[in-house]
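Student: no sequence for this one, just the structure:
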């Protein structure tokens, strides 16, 4: 009986100490997602006067970045500027806009508001559809109004 009582006391003390140690240690930070810039300075990119900008943030070490550039590049037109922002060549822009994940495609309007984005691989159909929807009259970042 004495051994059982001693065992209960030791277990209780150990449990209490473990609980106190856990409370003193801060929780590890939890990443809930990558940040996406909400606004760009259009003067940082090619053709700042174009009504739309497709900015693709990439890295030379990224395996999927080249395929995203191949999908996004043909979007360039008179109304759409295209700009690849490779991390090694333009680390200043990656740092300025806190881009930590690539490939990241930003669809940006004439005043620099990021209206849509794609993080990771994206199909041509999805990317082209996103830009086409944004270019419709009456569309906002929250969607298109009925009847437009």
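Tutor: Great, that's in hand. Remember, predicted model here, so these are calculated numbers, not experimental data.

Student: from here on, contacts and neighbour counts on C-alpha atoms
Tutor: Will do.

Student: what kind of secondary structure is the residue nearest to residue 38 when sequence neighbours are not counted in?
Tutor: In this structure, residue 38 finds its nearest non-sequential neighbour in residue 114, 5.1 Å apart by Cα to Cα, 6 or more residues apart in numbering. Per DSSP: H, G, I helix; E, B strand; the rest coil, the local secondary structure of residue 114 is strand.

Student: so for the chain, the centremost residue is which one?
Tutor: residue 36 (3.9 Å; Cα atoms, centre = their mean).

Student: ok, back up a step: pLDDT score for the residue nearest to residue 38?
Tutor: At residue 114, the predicted lDDT confidence score is 95.

Student: bridged to it, which residues?
Tutor: Residue 114 forms beta bridges with residue 108, as assigned by DSSP bridges.

Student: can you name the next helix or strand after the strand or helix carrying residue 18?
Tutor: Following DSSP states H and E, one finds residue 18 within helix 2-24. Sequence-wise, the next helix or strand downstream of helix 2-24 (DSSP H and E) is strand 52-58.

Student: how distant is the following helix or strand past that next one from the center of its chain?
Tutor: Later in the chain than strand 52-58, the nearest helix or strand by DSSP H and E is helix 65-72. How far helix 65-72 lies from its chain's middle: 16 Å, per Cα atoms, centre = their mean, to the nearest Å.

Student: quick check: buried residues in helix 65-72?
Tutor: Applying a neighbour-count criterion of 16 or more other Cα atoms under 10 Å, one finds 65, 68-69, 71-72 buried in helix 65-72.

Student: which residues are in contact with the residue lying closest to residue 119 once chain neighbours are set aside?
Tutor: Leaving out its chain neighbours, the residue that sits closest to residue 119 by Cα to Cα, 6+ apart is residue 104, at 4.5 Å. For residue 104, the contact set (Cα atoms under 8 Å, 6 or more residues apart in numbering) comprises 56-58, 117-120.

Student: let's see it at 7 Å
Tutor: Listed by Cα atoms under 7 Å, 6 or more residues apart in numbering, the contact set of residue 104 reads 56-58, 118-120.

Student: got it, and residue 58?
Tutor: By Cα under 7 Å, 6+ apart, residue 58 lies in contact with 65, 84-87, 102-104.
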